[in-house]
Structures are given as C-alpha cells and as structure tokens.
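K.L.:
pasting the sequence and the predicted coordinates here, then a few questions.
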Amino acid sequence: MTASLPEQDEIIRLYAPFVRDSPAWSLYEVTKTFLTSILLLPLRVVFLGFFLILLLIFSIASKSCDYVINAFMPHSGEGAMPAMAMLAMLLQRSMYACIRFLIRAGIFVSFGVFRVTTTSSSHSIHQVEKVHDMPRPALYVANHLGWLDILVLLSQFGCTFVAHKYINDIPFVGSIARALGVLFVGQGESSSEIVKQKILATYDCISKNCPRCRKCYPPIVIFPEGTTTNGLGMLTFRTGAFVSSIPVSPVCIRFASSRRFNACWETIPFSLHLFRTMTQVHNNMQLILLPPAKVSQDPNRVEATQARYFADMVQLSMADCMLKHWGLPAPTSEKKQAELLRASMQQASHTAAACMPAIGRGEGTFPVWKLNRKHKMLFHQWVLGKKKDKDVLEEYCSLLASDKSLVSSAIGFFRLTP
C-alpha cells in the first residue's frame, strides 16, 4: 500500500463490509488469549477431534442407509414401502438427528457458542404476501457472517446448504456434507437452475408432508449475499434463491456484541480466525426469524425481473427488522478507521431506504452495499499488498458494471466514480 492516504481512506469507505472491524489488542485480551491458549484451547481441540470422528461415523452410517433405501424402494415411488426401506429411512433420520446434536455439542464445547438467542418477529415483508399454510419452511435465506453461522443454522433448523462441488472431494468434509444433503454446484454449471430444481423439489415435498423425502429433505439455507461480511451491513442479494417464486423464510443473524473480538470472518486468515474463536471464553449468536412470504405472480414481469423484485423486498424487510431490533452496529476499529466505516454505513443506510420508490421511504435502514464476492477477493488482494490502491478503485467500478444482478437491484450503496 504505497499510494496516498486519501485513496486508502476511499477504499475503506467503498469496501466497508470487508474491512476487518475488531478492537485492537489490549493487555486484557493478550493475557486472556495466553491463558485460554494454555488452559482451554487444548481441551477444545481434543473435544473437536472427538466430535469430528463421531460425525464421520454417523455420516458414513447415514449414507449407507441411503444405499439401502435406493436398493429396496420401488422405482415408481408408488405402492407400499418395503419394510427394509422404511427401517433404513427411520435409521437414517435418527442418524441425522445425532449429527445435528453432535454439531450443536461441538460448537458449544469447542467454539464456546453457549447461547443462541432465537426471536420470532412479526415484521412483514414489504409488498409480498405472507404464507400461513406451510407445515415447516422449505427455504431459509440469511445474511452471512462466516463459517460459524453455518454450523449454528444447521444445528438449529436441521437444514442443508449449497456448496461448491470441490467440497465433495475433500476427505472427511465431503462425507459429512453428503450425509447432510448438501447441494453441490460445479464450476461453469448453472447454479440458479440447479438451486431452483432443488428448491422446488423440497417445497413440493414439505408442502405435501411427503413421507418419502430422502431426496428433498431437509430444508435449504441460502446466503443470497454470496459471501461473508464483517456484520456492519449486508451486500445486495443475488436472485438465485428467489427464482422459483416459492415462499422464503428470512433469518437475520448477528454475533452478540463483544468488546474484545469480532467473530465475523471476512478477510482475516482462516487459521488465525479459528484460533481467536477457540480462545474466546464465549461467542454468542442472535437470530431473528421473519414470517415466510412469497411474491404474487405478475404477468407484466418476466421471471428474472420478478426474482429481482422479490429479492429486493425481502432484503429491505430484513434490513428494517435488524435496524428495529439491533440498531446500527458500532464499529470497534481504531478511531480513524471507525469514522470511515461509520460514514460509509450512514450512506449505505440512507441509500438502501431512499432508493425504493415503490415504498417511498427516506429514513435510514440497515446498511446495504452493492458489492459481490469478486469485490471481496479484490479487497483481500489489496490487504495482502498484491494490488495497488489505484487498481482497486478502478476495478471497483468495472466489477460493478459487469454484474447484471447488482446493476438491476434497486437496493445498495455504490459510487460510479470513486
């Protein structure tokens, strides 16, 4: 980082959701980390290894049950279910319940997530209809703060996720992911179409209380931001989770405020983040569940436009809900960086609300930025000193202009000429 300070300040304002926002090391934090590294970390590592071994065993057993079900289940899906297939299905669901319990126990013991506060909110989704006849949600959408929220959501809702296909090939991790029913999407594949088919199958199963949901169970969680942030706001939603126009259940996530360590994972190295997380005495999380909602079909809108409208309405409602319950988050960085982040948050907060002409609101809401995963990778390269300030500012606009999903959204703060 050799360019002028004004350029660096502008980068922090533009890429605010990816800036590492955590208090500087204090004497208390150094002392605490030293003591927990000696007294607490070894025990947590041992327990984590124990939980992972049990997870692998249950995952292999669950996958074995799937083979039995496929072998004995009638191909037509009609007629009485064979006793062996029914037994294997019941055993598989028991294994899945054990996997959920192990994950919850693991994050409790090894990562110190002692408390997950879940609140149901009656906050309505703007200009979309509520759904009252769903036995249980088929699709959750949530803001994304890191790897820890994946484990918490899995343990809370018994859900599955969408992941890149290379995860399937990772030893140990791939086995657990397959047992959890993770949807793998390969490089170059149409992720929107794959996700759409999976969502439709899951929704069809759950809405009909299908007793044979080995293929479409469990519910799906999608993070429409496409990457993680530091918790100071959200990124404009992608439309992949909204293309099927079926009900979605929004979930708002945040880590309980900490004066010592920000548990969000954005550009900090994973190994360092894992170490800091495991050396905290506790890491608490808060969830807000909004009511399921869907958008009414409009013959005047093509599918892509309808999905964009639905995504914007859901995100704006989530932003309003987070502002109502939690208020604007306060940056905890050193003074100058905190001021830059706060200024960017104020701009993003007012832009997210004011640019929705159909609602006609001018007051602020939870900050939303028009950024994507490529912006995050670019910022990460800048943090590592591999990109110059000027290049990062120039590529900010080019990445924005080339992303049709961001350009078409009515929500999100951006600068055309940084």
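P.N.:
Nice, I can see it. Numbers count the residues shown, from 1 in each chain.
K.L.:
every contact and neighbour count from this point should use C-alpha atoms.
P.N.:
Fine.
K.L.:
beyond the strand ranked longest in the chain, next helix or strand please.
P.N.:
Using DSSP state E, we find that the single longest strand of the chain is strand 249-255. Next helix or strand after strand 249-255 toward the C-terminus (DSSP states H and E): helix 270-278.
K.L.:
tell me what the helix or strand following that next one is packed against?
P.N.:
Next helix or strand after helix 270-278 toward the C-terminus (DSSP H and E): strand 285-289. The helices and strands touching strand 285-289, judged by 3 or more C-alpha pairs under 8 Å, 6 or more residues apart in numbering; DSSP states H and E, are strand 116-120, strand 249-255.
K.L.:
of the ones you listed, which stretch is the most buried?
P.N.:
The highest mean neighbour count among those, using mean count of other C-alpha atoms under 10 Å, belongs to strand 249-255: a mean of 21.
K.L.:
neighbouring strands of that one in the sheet, and parallel or not?
P.N.:
strand 139-142 (parallel), strand 285-289 (antiparallel) (DSSP bridges).
K.L.:
can you name the residues in contact with the shortest one?
P.N.:
It refers to strand 139-142. With contacts defined as C-alpha atoms under 8 Å, 6 or more residues apart in numbering, strand 139-142 is touched by 199, 203, 219-224, 241, 247-253.
K.L.:
which of the helices and strands packed on strand 285-289 comes out lowest on mean pLDDT?
P.N.:
Among the helices and strands packed on strand 285-289, strand 116-120 carries the lowest mean pLDDT, a mean of 86.
K.L.:
I'd like to know which elements that strand is packed against.
P.N.:
Using 3+ C-alpha pairs under 8 Å, 6+ apart, strand 116-120 sits against strand 285-289.
K.L.:
and the helices in this structure, which stretches?
P.N.:
With DSSP state H as the criterion, the chain has helices at 5-14, 27-39, 41-72, 83-109, 147-157, 173-179, 191-207, 270-278, 303-326, 335-354, 373-383, 389-401, 404-408.
K.L.:
including distance to S121, mean pLDDT and mean neighbour count, could these go into CSV?
P.N.:
What follows is the helices of the chain, written out as CSV (distance: least, C-alpha to C-alpha, whole Å; pLDDT from 0 to 100; neighbours: other C-alpha atoms under 10 Å):
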stretch, distance to S121, mean pLDDT, mean neighbour count
helix 5-14, 32, 86, 18
helix 27-39, 35, 91, 13
helix 41-72, 33, 83, 18
helix 83-109, 24, 82, 18
helix 147-157, 17, 88, 18
helix 173-179, 31, 74, 20
helix 191-207, 22, 69, 18
helix 270-278, 29, 91, 16
helix 303-326, 8, 83, 21
helix 335-354, 20, 83, 20
helix 373-383, 29, 91, 18
helix 389-401, 33, 87, 16
helix 404-408, 28, 79, 16
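K.L.:
looking at those helices, which is nearest to T117?
P.N.:
Closest approach to T117 among the helices of the chain (C-alpha to C-alpha): helix 147-157, 10.5 Å.
K.L.:
could you list the alpha-carbon positions for that closest one in PDB?
P.N.:
Only the C-alpha atoms of helix 147-157 are listed here, as PDB (Å, rounded to 0.1, in the frame of the first residue of the first chain):
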ATOM      1  CA  TRP A 147     -18.300 -20.400   8.900                       C
ATOM      2  CA  LEU A 148     -19.700 -20.400  12.400                       C
ATOM      3  CA  ASP A 149     -23.200 -19.300  11.300                       C
ATOM      4  CA  ILE A 150     -23.400 -22.400   9.000                       C
ATOM      5  CA  LEU A 151     -22.900 -24.700  12.000                       C
ATOM      6  CA  VAL A 152     -25.400 -22.800  14.100                       C
ATOM      7  CA  LEU A 153     -28.100 -22.800  11.500                       C
ATOM      8  CA  LEU A 154     -27.600 -26.500  10.800                       C
ATOM      9  CA  SER A 155     -28.000 -27.300  14.400                       C
ATOM     10  CA  GLN A 156     -31.000 -25.000  14.900                       C
ATOM     11  CA  PHE A 157     -33.000 -25.800  11.800                       C
END
